[in-house]
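Chemist: 3D model of this:
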Amino acid sequence: MSKPSGNQKRTAIIYFGETRQDYLRLVEEKGHRELLAYIQPLLTAQLLEDQHHDGCSDQSHYTVHSQRNRQLQGLLGSKETIAICRVRCQTCGAVFTVLPSFILRYRRQDADCVGKILEMNLGMGLTLRETASIYSWMGTGRSWQPSWVWSLVQWLGNLLPVYLLLMRMGLKPPEHLLSDEKFAVLNGKKVYLFLASEQELIWYGKWMGSSDEDCFTETIEAFCVGMDEAGRASGHIADEDEYVPISVTTDGWIASQNAWESRVPDITLMECKFHGHKRVFSSLDDYEKAHPELSYQQLSQVKAHLNSILAAPSLAAFSQRIRRNIARYHDQPILLKRLNILKEKRFRFNNHLKFEDAPTYSAPLDRSIRFLDEKLHSFGQFRAEHAIDPMLNAWAIVNNLRSFLLGAKKAGQSLAQFFGAIVNDIPWMEVLNLCTVGLLHDLLPSSS
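Modeler: Have a look, this model is predicted:
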């Protein structure tokens, strides 16, 4: 992700309330007493010592230095001029720009507008052209090109890593992970997109040139190092500790499993039972083609025998059913091969029984991957390496932060809220804007 510019280091972002009038009332007040009383504790919590001039001994007192106007465009094309305050540290004289949370750095559109456009493009099955067309139909007064929407996606993806965002929102690093990969196309060549999640909540996404063990190891290493740094910065991981997940559920790809064991030696590997069923079905199809003389009843009995293995309630029952079926089908090479694979993987199919919160199936992540697959087709896949990771990160942010609609089981909540983040009904783009400068709970007034 890109590093903040020098100007960003002296920009504070403050949440002033649910409406713009809450902000305008304070900023338009003569003397700015109420404004300063409101923002000074928030500035003290947000601005660090190295953002002030050298030798500054007190970062808790500020005065209004100046104001300037900023023009914002809303979703429906309306334009509004907003006064922006600049404050000066009374000790060292450093000047800081104070942005209300509904104003984004270097964007001409307000947070509501940008958030809805990104939801349209990354949260729905819309192409870049369709998103730009819908935006232009809203009376914006100009025609936006699809490339502008793509640049907006890239801007979001480069703001901050999704794992750092989630930790700044108060979520702890996940103990039980889902890990999967899907293929995409880069300049006509196949590449792979690695994803790590906590159920449906996406924590990481990165592209890989191939699906061999070396690429997986490098990617998992980058994920763990990033989680280490984000955990220490947000206070979830002690300086002397490292991020060590307890378990990971995969689809059974050996290269991925070997890489996880190599990077996290004590991790408990689990294999998704759905993928186990799919491979059993594949073996049963091969067996049926090899034995056309068998009746429907006979084939149904074979299927029932093999399916009962993955349905076993315990490791002991799982192993017992394998032994019985090996004895039953010892002269059937197709079935025997599958049974031996199940025997070899018996622990990985049953390790989820050790943990209350460990996922048995990778279906939550599979659903996200299917949607991502649709998006990649609508985008026309990738044409540049540098655009892949920001797009994945932007998609993960929108996936995690946009709210479910009325009628859904999680209606009114986002995935981040469902997993424990407390956002006090602040729109997700404003939450993201606040999290670019620090921990969310430190940036909200105590009365909220």
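Chemist: Which elements pack onto the strand or helix carrying Leu152?
Modeler: Secondary structure assignment for Leu152, by DSSP states H and E: helix 146-157. Here helix 146-157 touches helix 111-123, helix 128-137, helix 388-401, going by 3 or more C-beta pairs under 8 Å, 6 or more residues apart in numbering; DSSP states H and E. Every residue, glycine included, has its C-beta placed from N, CA and C.
Chemist: Would you mark the buried spots in the first one?
Modeler: It stands for helix 111-123. Neighbour-count burial for helix 111-123 flags 111, 113-123 (criterion: 16 or more other C-beta atoms under 10 Å).
Chemist: contacts for it?
Modeler: The contact list for helix 111-123 (C-beta atoms under 8 Å, 6 or more residues apart in numbering) reads 73-75, 101-104, 107, 109, 126, 128, 131, 134-135, 149, 152-153, 156, 375, 394-395, 398-399, 402, 427-430, 433.
Chemist: quick one: average pLDDT of it?
Modeler: Helix 111-123 carries an average pLDDT of 91.
Chemist: Tell me which stretches of the stretch 201-350 of the chain form strands.
Modeler: Here the stretch 201-350 of the chain has its strands, by DSSP state E, counting those that start in this stretch, at 201-208, 247-250, 268-271.
Chemist: which neighbours does the first one have in its sheet, and in what orientation?
Modeler: So the one you mean is strand 201-208. Take DSSP bridges as the rule and strand 201-208 pairs in its sheet with strand 189-198 (antiparallel).
Chemist: Give me the contacts around the partner strand.
Modeler: Against strand 189-198 from outside (C-beta under 8 Å, 6+ apart): 174, 176-185, 202-211, 215-216, 219, 223, 364-365, 368-369, 372, 382, 388, 392, 419.
Chemist: switch to 6 Å and redo it
Modeler: For strand 189-198, contacts defined as C-beta atoms under 6 Å, 6 or more residues apart in numbering pick out 174, 177-184, 203-208, 211, 219, 223, 365.
Chemist: That strand versus helix 388-401: what angle between them?
Modeler: Orientation of strand 189-198 against helix 388-401 (axes from the mean of the first three to the mean of the last three C-alpha atoms, to 10 degrees) gives an angle of 30 degrees.
Chemist: May I see the buried residues of strand 189-198?
Modeler: 191-198.
Chemist: just stretch 432-447 next, same as before
Modeler: 432-440, 443-444.
Chemist: how close does Val191 get to Cys215?
Modeler: Between Val191 and Cys215 the computed distance is 10 Å (C-beta to C-beta, to the nearest Å).
Chemist: Okay, domains of the protein per the record?
Modeler: Listed domain ranges for the chain are 8-103, 171-272+353-376, 280-348 (source: automatic domain parsing).
Chemist: and the end-to-end length of the longest one?
Modeler: One end of domain 171-272+353-376 sits 29 Å from the other (C-alpha to C-alpha, to the nearest Å).
Chemist: And it, how far out from the chain middle?
Modeler: In terms of C-alpha atoms, centre = their mean, to the nearest Å, the centre of domain 171-272+353-376 is set 11 Å apart from its chain centre.
Chemist: And for the shortest one?
Modeler: For domain 280-348, the separation from the chain centroid amounts to 38 Å (computed by C-alpha atoms, centre = their mean).
Chemist: quick revisit: could you list the residues in contact with the following helix or strand past the helix holding Leu152?
Modeler: Note on helix 146-157: by DSSP H and E, the next helix or strand toward the C-terminus is helix 162-168. Identification of contacts with helix 162-168 by C-beta under 6 Å, 6+ apart yields 203-204, 227, 230, 234, 236, 393, 396-397, 435, 439-440.
Chemist: May I see the residues you listed organised as a markdown table, with distance to Ser247 and pLDDT added?
Modeler: Output for the contacts of helix 162-168, formatted as a markdown table (distance: C-beta to C-beta, whole Å; pLDDT from 0 to 100):
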| residue | distance to Ser247 | pLDDT |
| --- | --- | --- |
| Trp203 | 14 | 97 |
| Tyr204 | 16 | 97 |
| Met227 | 15 | 97 |
| Ala230 | 20 | 96 |
| Ser234 | 23 | 93 |
| His236 | 18 | 95 |
| Asn393 | 24 | 96 |
| Ala396 | 21 | 95 |
| Ile397 | 25 | 96 |
| Cys435 | 28 | 96 |
| Leu439 | 28 | 94 |
| Leu440 | 28 | 94 |
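Chemist: with those in mind, which one is nearest to Ile309?
Modeler: Trp203 (32.0 Å; C-beta to C-beta).
Chemist: Spit out the contact partners of that closest one.
Modeler: Trp203 neighbours (C-beta under 6 Å, 6+ apart): 163, 196-197.
Chemist: longest helix anywhere in the chain?
Modeler: helix 213-234 (DSSP state H).
Chemist: Same question for it: list its buried residues.
Modeler: Quick answer for helix 213-234 (16+ other C-beta under 10 Å): 213, 215-220, 223-224, 226-228, 230-232, 234.
Chemist: angle of it against strand 201-208?
Modeler: Going by the same axes, to 10 degrees, helix 213-234 makes 140 degrees with strand 201-208.
Chemist: by contact count, what packs against helix 213-234?
Modeler: Judged by 3 or more C-beta pairs under 6 Å, 6 or more residues apart in numbering; DSSP states H and E, helix 213-234 is in contact with helix 162-168, strand 201-208, helix 254-263.
Chemist: can you list those in CSV and add distance to Ser300?
Modeler: Below are the helices and strands packed on helix 213-234 laid out as CSV (distance: least, C-beta to C-beta, whole Å):
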stretch, distance to Ser300
helix 162-168, 46
strand 201-208, 40
helix 254-263, 32
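Chemist: Any idea how many residues pack against Glu385?
Modeler: By the criterion of other C-beta atoms under 10 Å, Glu385 has 12 neighbours.
Chemist: Could you check the pLDDT of it?
Modeler: 90.
Chemist: what about it, distance to Lys190?
Modeler: Distance from Glu385 to Lys190, by C-beta to C-beta: 14 Å.
Chemist: How about Tyr329?
Modeler: According to C-beta to C-beta, Tyr329 and Lys190 sit 37 Å apart.
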